[in-house]
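>>> mind folding the following:
(2 chains)
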Protein chains: 2
Amino acid sequence: MPADPRTVIANLQELRALTGDENGAQRVSFTAMWLKARAWFETKLAGLPVERHLDAAGNCWITLPGVSERSLVLGSHLDSVPNGGWLDGCLGVVTALEILRAFSEQYNGTPPFTIRIVDWADEEGARFGRSLFGSSAFAGTHTIAADRVRVDKDGVMLADALTQVGIDIDKIGDASAEREHIAAYLELHIEQGPVLERLGLPLGVVLGTKGVERHAVVFQGQEAHSGSTPMADRRDALAAAARLALEIRTIAKKHPDAVCTMGSVKTFPGIVTAIVGKCETTLDQRDLDAEVLATMLREAKEASQRFAAEERCTVEWSKIWSIEPIPFHPKLIELCEAAILQTTPVAHRLPSGPLHDAAEVARAGIPTVMMFVQSLRGISHNKIEDTALDDLSLAVTAFDNLAAKTLHWMESQPA
Amino acid sequence: MPADPRTVIANLQELRALTGDENGAQRVSFTAMWLKARAWFETKLAGLPVERHLDAAGNCWITLPGVSERSLVLGSHLDSVPNGGWLDGCLGVVTALEILRAFSEQYNGTPPFTIRIVDWADEEGARFGRSLFGSSAFAGTHTIAADRVRVDKDGVMLADALTQVGIDIDKIGDASAEREHIAAYLELHIEQGPVLERLGLPLGVVLGTKGVERHAVVFQGQEAHSGSTPMADRRDALAAAARLALEIRTIAKKHPDAVCTMGSVKTFPGIVTAIVGKCETTLDQRDLDAEVLATMLREAKEASQRFAAEERCTVEWSKIWSIEPIPFHPKLIELCEAAILQTTPVAHRLPSGPLHDAAEVARAGIPTVMMFVQSLRGISHNKIEDTALDDLSLAVTAFDNLAAKTLHWMESQPA
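Down below sits the predicted model:
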């Protein structure tokens, strides 16, 4: 029997009832509710010939040994943001379990390749502000030195929270041992954006995760009295910032999937009777193409300097964070598209704006692809996050198709 | 001997040393330092045939009785903001004293009209956020009900601070008794803006105080993920606000002396990874012409609604505060110009953006005019506030001329 979408939906509803409340999902990583979700998931393994263990970074691995040690990994994350949705992350983990069960049945307990599920630890970074915690440890890109000192809002240090759940922060890099024998990684996730809904499509092939350039941009002008300073004599830092807020839209719209966002503006002194002397803004730019991303950054910098000069202000940029674009595997993208087309007439290709654990896996050199299912209203990280049940069913079936196609492709790959 | 600028400057320097520190002037109203400034000023009356008293609102009146009870009042305020400048307010009071002294000498102690000095209480409103305290009580426009509950940053209530300096908050309206017999009011003040400096002129005739429309303008869009939301799907409240921030400049520049300022912008949620769902701004608009002010307000409202619609946002306006334009007396404006032209070749006419006690006096129906002297760099409310000593000298002489011309004009007026 192939993977049964009804089982997946029933399990997701069970998990929702167990770990959510009237404000949404509460499976924040390294908390009691997260451990409860993991314990519930463990009960679902009963009767399956699998081995389960946590790696050094707290990622949970479930292994159905095959004829070959070479393995196909299906994964996502059970953790959620506070007041999160019922599908973000857990859809991928719960679907992976149903597919593993179906493979086990199909091959009488021993598939040709090893099948593994991974439930990554702290994808969201909701508690300590460091997302992709477990998958970056696995990929060897985690920066322990920088993250060691992080504290949650109650003042608990990351290291202490990890100790509570049996993780030694100094050893999380050992999670890279799990990379051995992995031939491919597949992840099913909700889109968390409005693109598929706008196109009226249930499923999408994810081309990769966009690169991100995140900067603080600060304009300095001259604070002055709003009543006594003629318009022509002003050095208004807000005016320069406002021009940049509008210009970044023109910059982004030159490229089909690019986005630029000014998410925060702070004005100083910030009172009704004073011209803004200093304006602090943040800029977030994303695209799947590294060259496009670099061009957008350069154009935004040039525009900010031009606006600053014209407003007789100065501007300073400082990097907050950046990551390169991470394209997924060309052959797996093809297989994902074919798997979707087995269930529905159109397979839309799109980049992911949000980061995902799959990006870290791809960075580690493992052939990787993701499949997106439509999000209603494009909303996530909110209790109203939702996907039509028919679309969830299509997603489970298409992702099952993708796993089968990937196993088949692995046969053609050198060991 | 006419009014001696050297005496005025020496007195101002003496006051600065007595009531300032390394951060500037510290004569905040209703504090010990303010009482010290007033006590110092009282010592300067020694030998003059004057009467001194405080009215019910704490304004200090000094009267040199003349042949007629009809009086010419010269005034300003000794109080300062915290870390204020050495000229804001006290220039007018100290100059008034020197002119009164000169009149007393000229007329052997009894001028044809009564000459009075007024030192208004709490012009700045620095401690309780209510500016023009004393002059509005005098004018009968003070709103005790609204101001009674004001507290300073240490939690002291306005009523209690007033009691400390002998003022009963329930009786401040009695200050209107001082209006009797006043025929004209003159005030010398630093410009606190850059206009005269830009023109290279020492002195200006003030046409009146601009009307002010002060509003909170809030745009509501849709918070969304900066990575997953395509540019075309956004409802960006910051974009609508940025367009208004720029449009108000176009609106203001249609009129020679109008100003429009967006002084505060707050973004919600205000994080680098989210499109701004709500943007709170403040708008301050000023002009001397009530019709221009109304037009600018209407244009800003219409523009905000257009931008909101185009960005698929909504906008709401709420009034923070407003005051009508207060033009000064046409004949006194003429006399002020003539008085300036006696000392320097050009007399520039300009409106005042900041409010002054003179506006309250004019609102009470008393013929009023102000003279401005150039502020270096247009800066005030700061320890670096300054005016060239040569310009201060010209100001004292020109203001002395104005007082003489006004006395002469009073002779032609019905009693």
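>>> ramachandran coordinates for the residue of the stretch 301-415 of chain A found nearest chain B?
Of all residues in the stretch 301-415 of chain A, the one sitting closest to chain B is A:Gly353 (2.8 Å; C-beta to the nearest C-beta). For glycine as for every other residue, the C-beta is placed from the backbone atoms N, C-alpha and C. Note on A:Gly353: backbone dihedrals following degrees, to the nearest 10 are phi -80, psi -50.
>>> quick check: it touching B:His225?
Yes - A:Gly353 lies in contact with B:His225 (C-beta atoms under 8 Å); the separation is 6.8 Å.
>>> so the two - more neighbours on which side?
Between A:Gly353 and B:His225, counted using other C-beta atoms under 10 Å in any protein chain shown, the more crowded position is A:Gly353 (27 against 20).
>>> ok, now which ones touch the closest residue to that one other than its chain neighbours?
For A:Gly353, ignoring the flanking residues on the chain, the nearest one in space by C-beta to C-beta, 6 or more residues apart in numbering or on different chains is B:Gly227 at 2.8 Å. Counting by C-beta atoms under 8 Å, 6 or more residues apart in numbering or on different chains, B:Gly227 touches A:Gly193, A:Lys210, A:Val212, A:Val259, A:Asp284, A:Arg286, A:Ser352, A:Gly353, A:Pro354, A:Leu355, B:Thr273.
>>> out of the residues you listed, list just those in helices.
The members of the contacts of B:Gly227 all map outside helices under DSSP state H.
>>> residues near A:Arg6, how many?
Neighbour tally, A:Arg6, other C-beta under 10 Å: 12.
>>> near chain B, which residues of the stretch 301-415 of chain A show up?
Remark: the part of the stretch 301-415 of chain A in contact with chain B comprises A:Ile320, A:Ser352, A:Gly353, A:Pro354, A:Leu355, A:Gly378, A:Ile379, A:Ser380, A:His381, using C-beta under 8 Å from any C-beta of the partner chain.
>>> which SSE is A:Ala242 in?
Under the criterion DSSP states H and E, the helix or strand holding A:Ala242 is helix A:237-252.
>>> which strands or helices does that helix pack on?
strand A:211-220, strand A:259-268, strand A:278-287, helix A:290-310, helix B:237-253 (3 or more C-beta pairs under 8 Å, 6 or more residues apart in numbering or on different chains; DSSP states H and E).
>>> any buried residues in it, and which?
A:237-249, A:251-252 (16 or more other C-beta atoms under 10 Å in any protein chain shown).
>>> mind checking pLDDT for A:Asn11?
The score at A:Asn11 is 98. That number is its pLDDT.
>>> hang on, it packs against A:Trp40?
No - counting by C-beta under 8 Å, A:Trp40 is not a contact partner of A:Asn11; they are 9.1 Å apart.
>>> common neighbours of A:Gly353 and B:His225, please.
Common neighbours of A:Gly353 and B:His225 (C-beta under 8 Å, 6+ apart) are A:Gly193.
>>> can you get me a residue count around A:Asp289?
Neighbours around A:Asp289, by other C-beta under 10 Å: 18.
>>> next, it: phi, psi?
phi -100, psi 120.
>>> excluding its backbone neighbours, what's nearest it?
Nearest one to A:Asp289, counting by C-beta to C-beta, 6+ apart, is A:Pro325 at 6.4 Å.
>>> count of residues packed around the one you found?
Count around A:Pro325 with other C-beta under 10 Å applied: 20.
>>> residues in contact with it?
Applying C-beta under 8 Å, 6+ apart, the residues near A:Pro325 are A:Gly208, A:Thr209, A:Lys210, A:Gly211, A:Asp287, A:Leu288, A:Asp289, A:Ala290, A:Leu293, A:Pro351.
>>> okay, those residues in TSV with pLDDT next?
TSV is the format used below for the contacts of A:Pro325 (pLDDT from 0 to 100):
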residue	pLDDT
A:Gly208	97
A:Thr209	96
A:Lys210	96
A:Gly211	96
A:Asp287	97
A:Leu288	95
A:Asp289	96
A:Ala290	97
A:Leu293	98
A:Pro351	96
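>>> just the buried positions in the helix or strand where A:Leu188 lies, please.
Following DSSP H and E, the helix or strand that holds A:Leu188 is strand A:182-190. Across strand A:182-190, burial judged by 16+ other C-beta under 10 Å covers A:Ile182, A:Ala183, A:Ala184, A:Tyr185, A:Leu186, A:Glu187, A:Leu188, A:His189, A:Ile190.
>>> in the residues you listed, find the pair that's most separated.
Farthest-apart pair in those is A:Ala183 and A:Ile190; separation 25.9 Å (C-beta to C-beta).
>>> how near is A:Glu247 to B:Pro351?
35 Å (C-beta to C-beta, to the nearest Å).
>>> sorry, back to before: give me the pLDDT value at the residue of the stretch 301-415 of chain A closest to chain B.
92.
>>> residue ranges with poor pLDDT in the stretch 51-200 of chain A?
A:145-146 (pLDDT under 70).
>>> follow-up on the earlier one: now, of the residues of the stretch 301-415 of chain A next to chain B, which are buried?
A:Ser352, A:Gly353, A:Pro354, A:Leu355, A:Gly378, A:Ile379, A:Ser380, A:His381.
>>> of those residues, closest to B:Leu199?
A:Gly353 (53.6 Å).
>>> ok, the closest one - contacts?
A:Gly193, A:Thr209, A:Lys210, A:Val259, A:Arg286, B:His225, B:Ser226, B:Gly227, B:Ser228, B:Thr229.
>>> one more time with 6 Å, if that's ok
A:Lys210, A:Arg286, B:Gly227, B:Ser228 (C-beta atoms under 6 Å, 6 or more residues apart in numbering or on different chains).
>>> what's the closest non-adjacent residue to the residue of the stretch 51-200 of chain A found nearest chain B?
Taking C-beta to the nearest C-beta, chain B has its nearest neighbour within the stretch 51-200 of chain A at A:Gly193, 3.0 Å off. Once flanking residues are discounted, A:Gly193 sits nearest to B:Ser228: 3.0 Å by C-beta to C-beta, 6+ apart.
>>> same check, this time on A:Ser68
Closest to A:Ser68 by C-beta to C-beta, 6+ apart is A:Phe113, at 5.1 Å.
>>> so the one you found is in contact with A:Val67, correct?
No - contact criterion C-beta atoms under 6 Å: A:Phe113 and A:Val67 do not qualify, at 7.2 Å.
>>> neighbour count: these two, which is higher?
Remark: of A:Phe113 and A:Val67, A:Phe113 carries more neighbours, 23 against 11, as counted by other C-beta under 10 Å.
>>> contacting residues for the more buried one?
With C-beta under 6 Å, 6+ apart, A:Phe113 has these contacts: A:Gly66, A:Ser68, A:Arg70, A:Leu72, A:Leu407, A:Met410.
>>> now, which of those residues lie within helices?
Going by DSSP H, the helices hold A:Leu407, A:Met410 from these.
>>> dump the contacts of A:Phe113 to CSV, plus neighbour count.
CSV is the format used below for the contacts of A:Phe113 (neighbours: other C-beta atoms under 10 Å in any protein chain shown):
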residue, neighbour count
A:Gly66, 21
A:Ser68, 15
A:Arg70, 18
A:Leu72, 25
A:Leu407, 19
A:Met410, 18
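>>> give the buried residues for stretch A:363-376.
So for stretch A:363-376, counting by 16+ other C-beta under 10 Å, buried means A:Arg363, A:Ala364, A:Ile366, A:Pro367, A:Thr368, A:Val369, A:Met370, A:Met371, A:Phe372, A:Val373, A:Gln374, A:Ser375.
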